[in-house]
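Visitor: Sequence first, then the predicted structure, then my questions.
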Amino acid sequence: MAKEFFDNIVEKLKTIHIEGITKRWLINIIGVIAALFLLTFIIASVGIKSYYYNSVEDIVKSGASDSAVSYFTNNIESGNSLESSAADFINSYSYKNRTTLWIIDDGGNVVLSSSGFRVEKQKMPDFNEALENEDSTARFIGKIESGEKIMAVTRAIKSSSGKEIGAIRVMTNIDRVDAQIRTLRFILFLLMVVVMVIIVFSNQFFIRSIIIPVQEVKKATKLIADGNLDVRIEKQYDDEIGDLADSINTMATEISAADKMKNDFISTISHELRTPLTSIKGWGETLTLGNKDNVDELTQKGLKVIVNEASRLEGFVEELLDFSRLQSGRMQLRLTKTDILAELEETLFTFRERAVREGYEVRTSVPDIPSVSNADPNRLKQVFMNILDNALKYSRPGSKIFVKAEFIVEDEKDFVQIAVADQGCGISKEDLPHVTEKFYKANMSIRGSGIGLAVTNEIVNLHGGRLDIDSIENKGTLVRIILPVQEVVKPNDYRG
């Protein structure tokens, strides 16, 4: 229960990581701010351009005002020519230093320019528009033949009867205005970038204040899920994450207490069961062997069942005791100079007889070479028997079990590899990563507690080795026991 609970927490916390939080933050917060900044920049740019252009247009329009049009209309209707009226108007024109004034006749020819230079006839779209528009006014923004960008306002001059006389065109160069607008836009853009950078960096501290505690919670829950119930999370902030740390610490304490109580209970029950089981098995064997001639066949069969079941229960009790030692960290090895392959041969001798009796074929390939290691011989036999017993349990009678031992070198160190392969039901890909976990059973139809492989794996690890398991469902399983050896006597060095 404790492992499942913490595994669920770890899986949930795996989804909370730096990239995930940062990504969501960038999308939800920075994305929104960036969009607002972009919208603000666009509106401000349009506003700046509109303000400057309107200011320029006001100046340009002042040269082509209603009074200017009335001046020309009255002069011409009084008998003056357009040229003489233009000369008088330009002499009194007060915006010569800021704008250029053209007086145009009804044919589109420039009669007179305030610049004093002769102007050839050219395209003036605003002139034609002014003649056609109801208010007799038109505006033009664009580049002229000289390459300058200008703003021009043209007012048509008409007689009181509506006859077209000509037009007044006032122009000014707006290249410098556009340069000022670009400068202001650039300054505005830089300002927004600086503000955005400040926002990002300031919020990084806030994000990190969330990420770092979450990472600590994630690491701690992973350790707790792996069985380290002594881990505690340091409370860094008095907020929701701090409350989460307190809750997990409290749960870890309670689970640790419950786990200790469970281990103590298993240990106590196992010891209590061991004594009566030994007595039952001993008396059963005594009655079976000592009263063959005095009891009927049915009683003999019953006594064998009692002995066999007592032996099975005794093995289960031993597994529980090993599990209790494993959980409490009290599993210890009685190390001595041991020939690993000799221990394997002894185990195979016992196992082969049982396998043949139950209808299995055992094929072995074990080199007759001493392989000396500092190991616990009894625990090694337990490892070998557990693996061989599993191969038997998960195989069909009539199938083969293969055992091969060989010497290998890894990282310039000598190891002995013992491979046990069967032709049984195999293990699914989903179950394979979990088969060495405590109480995990891939096949519920096969007898067993689910403790054996966990204990086996721990014993191999305590010897400095490793247990590798490969399997294909419905085809078979291959288990490799890899143990370090201190000394390998090569065939040419072996004297028997």
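Guide: That came through, no problem.

Visitor: Next, work out how far apart the most far-flung residue of the chain relative to its centre and D296 are.
Guide: Within the chain, G79 marks the point farthest from the mean C-alpha position, 88.9 Å out by C-alpha atoms, centre = their mean. Separation of G79 from D296 (C-beta to C-beta, to the nearest Å): 158 Å. C-beta here means a position set from N, CA and C on the backbone, and glycine is covered the same way.

Visitor: ok, now L462?
Guide: Using C-beta to C-beta, L462 is found at 49 Å from D296.

Visitor: The two: which is more packed in?
Guide: L462 (16 against 8; other C-beta atoms under 10 Å).

Visitor: Just give the nearest non-adjacent residue to the more buried one, would you?
Guide: Using C-beta to C-beta, 6 or more residues apart in numbering and skipping residues adjacent in sequence, the residue nearest L462 is L333, 5.6 Å away.

Visitor: any idea where the strands of this protein begin and end?
Guide: 100-105, 110-113, 137-143, 149-158, 164-173, 336-339, 361-365, 371-375, 400-410, 413-422, 466-472, 476-484, 487-488 (DSSP state E).

Visitor: any chance of these in CSV, with mean neighbour count and distance to I33 too?
Guide: Output for the strands of the chain, formatted as CSV (neighbours: other C-beta atoms under 10 Å; distance: least, C-beta to C-beta, whole Å):
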stretch, mean neighbour count, distance to I33
strand 100-105, 22, 46
strand 110-113, 19, 52
strand 137-143, 15, 34
strand 149-158, 22, 35
strand 164-173, 22, 39
strand 336-339, 16, 69
strand 361-365, 13, 70
strand 371-375, 21, 65
strand 400-410, 16, 55
strand 413-422, 19, 58
strand 466-472, 16, 52
strand 476-484, 20, 57
strand 487-488, 14, 68
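
Visitor: Quick one, which of these gets closest to R232.
Guide: With C-beta to C-beta as the measure, strand 466-472 is the member of the strands of the chain nearest R232 (30.5 Å).

Visitor: Who are the packing partners of that closest one?
Guide: Helices and strands touching strand 466-472, by 3 or more C-beta pairs under 8 Å, 6 or more residues apart in numbering; DSSP states H and E, are helix 452-462, strand 476-484.

Visitor: which stretch in those has the least confidence?
Guide: Mean pLDDT values for the helices and strands packed on strand 466-472 show the minimum at helix 452-462, a mean of 86.

Visitor: what's the angle from that one to strand 466-472?
Guide: Counting by axes from the mean of the first three to the mean of the last three C-alpha atoms, to 10 degrees, helix 452-462 points 140 degrees away from the direction of strand 466-472.

Visitor: Save the helices and strands packed on strand 466-472 as TSV, and put in distance to I306 too.
Guide: Below are the helices and strands packed on strand 466-472 laid out as TSV (distance: least, C-beta to C-beta, whole Å):
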stretch	distance to I306
helix 452-462	24
strand 476-484	33
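
Visitor: Could you say which one of those comes nearest to I340?
Guide: Comparison of the helices and strands packed on strand 466-472 against I340 by C-beta to C-beta identifies strand 476-484 as nearest, at 5.9 Å.

Visitor: The residue nearest to L462 against N461, yeah?
Guide: No: here L333 does not reach N461: they are 10.8 Å apart, not a contact under C-beta atoms under 8 Å.

Visitor: Would you map the helices across the stretch 151-300 of the chain?
Guide: Using DSSP state H, counting those that start in this stretch, the helices found in the stretch 151-300 of the chain span residues 175-225, 240-290, 297-328.

Visitor: helices or strands up against the first one?
Guide: Taking 3+ C-beta pairs under 8 Å, 6+ apart as the contact definition, the neighbouring helices and strands of helix 175-225 are helix 2-14, helix 18-25, helix 31-63, helix 240-290.

Visitor: So for that helix, mean pLDDT?
Guide: 83.

Visitor: on that earlier part again, between L333 and N461, which one's more packed in?
Guide: Between L333 and N461, L333 has the larger neighbour count (other C-beta under 10 Å), namely 15 against 12.

Visitor: What separation do you get for the more buried one and N378?
Guide: 9 Å.

Visitor: rewinding a little: could you pull up phi and psi at the residue nearest to L462?
Guide: Dihedral pair for L333: phi -110, psi 140, per degrees, to the nearest 10.

Visitor: Show the model's pLDDT score for it.
Guide: L333 carries a pLDDT value of 82.

Visitor: Contacts only, for it.
Guide: L333 makes contacts with A375, D376, R379, I459, L462, H463, as judged by C-beta atoms under 8 Å, 6 or more residues apart in numbering.

Visitor: My guess is the last one contacts A375. True?
Guide: This points to H463. Yes: if you go by C-beta under 8 Å, H463 and A375 touch, sitting 5.7 Å apart.

Visitor: what do these two both touch?
Guide: By C-beta under 8 Å, 6+ apart, the residues touching both H463 and A375 are L333, L483.

Visitor: hmm, back to that, could you export the helices and strands packed on helix 175-225 as TSV, including mean pLDDT, distance to N133 and mean neighbour count?
Guide: Putting the helices and strands packed on helix 175-225 into TSV (pLDDT from 0 to 100; distance: least, C-beta to C-beta, whole Å; neighbours: other C-beta atoms under 10 Å) gives the following:
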stretch	mean pLDDT	distance to N133	mean neighbour count
helix 2-14	49	70	15
helix 18-25	63	55	13
helix 31-63	88	14	14
helix 240-290	77	68	15
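
Visitor: L112: which of those is closest?
Guide: helix 31-63 (13.6 Å).

Visitor: now the helices of the stretch 151-300 of the chain as JSON lines including distance to T154?
Guide: Shown next, in JSON lines, are the helices of the stretch 151-300 of the chain (distance: least, C-beta to C-beta, whole Å):
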{"stretch": "helix 175-225", "distance to T154": "19"}
{"stretch": "helix 240-290", "distance to T154": "69"}
{"stretch": "helix 297-328", "distance to T154": "97"}
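
Visitor: Out of the ones you listed, flag the one nearest E343.
Guide: helix 297-328 (17.9 Å).

Visitor: Report the mean per-residue pLDDT for that closest one.
Guide: 74.

Visitor: which helices and strands does it pack with?
Guide: helix 240-290, helix 452-462.

Visitor: what angle sits between it and helix 452-462?
Guide: Going by the same axes, to 10 degrees, helix 297-328 makes 50 degrees with helix 452-462.

Visitor: For S113, give its distance to T172.
Guide: Following C-beta to C-beta, the distance that separates S113 from T172 is 14 Å.

Visitor: Give me the common contacts of those two.
Guide: Counting by C-beta under 8 Å, 6+ apart, the shared contacts of S113 and T172 are T100.

Visitor: which outside residues touch stretch 31-42?
Guide: R185, L188, F189, M192, V195, M196, I199.

Visitor: In TSV: the residues you listed, plus distance to E346.
Guide: Converted to TSV, the contacts of stretch 31-42 look like this (distance: C-beta to C-beta, whole Å):
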residue	distance to E346
R185	89
L188	87
F189	83
M192	81
V195	79
M196	75
I199	73
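
Visitor: Drop the exposed ones from those and show what's left.
Guide: Neighbour counting by 16 or more other C-beta atoms under 10 Å classes L188, M192 among the contacts of stretch 31-42 as buried.

Visitor: which residues sit in contact with the closest residue to V111 other than its chain neighbours?
Guide: In this structure, V111 finds its nearest non-sequential neighbour in I103, 4.7 Å apart by C-beta to C-beta, 6+ apart. Residues near I103 by C-beta under 8 Å, 6+ apart: 72, 82, 85-86, 89-90, 110-113, 166-169.

Visitor: ok, 7 Å please
Guide: Contact partners of I103, counting by C-beta atoms under 7 Å, 6 or more residues apart in numbering, are L82, A86, V111, L112, G166, I168.

Visitor: how many other residues sit next to the closest residue in space to the fourth one that isn't next to it in sequence?
Guide: The spatial neighbour of L112 that comes closest, neighbours along the chain excluded (C-beta to C-beta, 6+ apart), is A86 at 4.2 Å. Neighbour count of A86, defined by other C-beta under 10 Å: 25.
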